[in-house]
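Chemist: Following is a predicted model, sequence given first.
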Amino acid sequence: MIDVLHFCAAQCTHCYDACHLEKEMDMVRCMMNDQDCADTCRLTAQLMERNSENTAIFLKLCAEMCEICATECEKFAQMEHCKKCAQACRKCAEMCHE
């Protein structure tokens, strides 16, 4: 479970970096969601690693943030980095809901 969170954060960071290089489209909203999602996934993973009593709260938030990020990235699914990010976010959201 923690690996899924870290993988999602890594995909979001990669997507952010790749979106930053796009010149033809306005990727600002995608980039903001990438950053928010990566931060949320990393924090949730940290809470899980230390068995925080607040983990359930953050899993719920993380699932929501992953869904928001996936929805935005899916708007740019023609770009491989956005497609991969959306897939990682969907998988992470599903896992966080369990």
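Modeler: Perfect, thanks for sending it. Residues are numbered from 1 along each chain as shown.
Chemist: For the helix or strand harbouring Asp34, which helices and strands make contact with it?
Modeler: Asp34 belongs to helix 28-49 when assigned by DSSP states H and E. Judged by 3 or more Cβ pairs under 8 Å, 6 or more residues apart in numbering; DSSP states H and E, the packing partners of helix 28-49 are helix 2-21, helix 55-74, helix 80-97. Where you see a C-beta, it was placed from the backbone N, CA and C, and this is true even at glycine.
Chemist: could you give the angle of the second one to helix 2-21?
Modeler: Pointing back at helix 55-74 there. Per axes from the mean of the first three to the mean of the last three Cα atoms, to 10 degrees, the angle that helix 55-74 makes with helix 2-21 is 40 degrees.
Chemist: show me the contacts for the residue most central in space within the chain.
Modeler: Nearest to the geometric centre of the chain sits Cys37, at 3.9 Å (Cα atoms, centre = their mean). Residues in contact with Cys37 (Cβ atoms under 8 Å, 6 or more residues apart in numbering) are 8-9, 12, 65-66, 68-69, 89.
Chemist: wait, which of the helices and strands packed on helix 28-49 is closest to Met27?
Modeler: Met27 sits nearest to helix 2-21 of all the helices and strands packed on helix 28-49, at 3.9 Å, using Cβ to Cβ.
Chemist: does Gln78 count as helix, strand or coil?
Modeler: Look at Gln78: counting by DSSP: H, G, I helix; E, B strand; the rest coil, its state is coil.
Chemist: Return the distance of it relative to Lys23.
Modeler: 15 Å (Cβ to Cβ, to the nearest Å).
Chemist: One more: Glu80?
Modeler: Taking Cβ to Cβ, one finds Glu80 at 17 Å from Lys23.
Chemist: more crowded one of the two?
Modeler: Set side by side, Glu80 and Lys23 show more neighbours around Glu80, with 11 against 5, by other Cβ atoms under 10 Å.
Chemist: one step back: buried residues in the helix holding Asp34?
Modeler: For helix 28-49, burial by neighbour count (16 or more other Cβ atoms under 10 Å) applies to 30-31, 33-34, 37-38, 40-45, 47-48.
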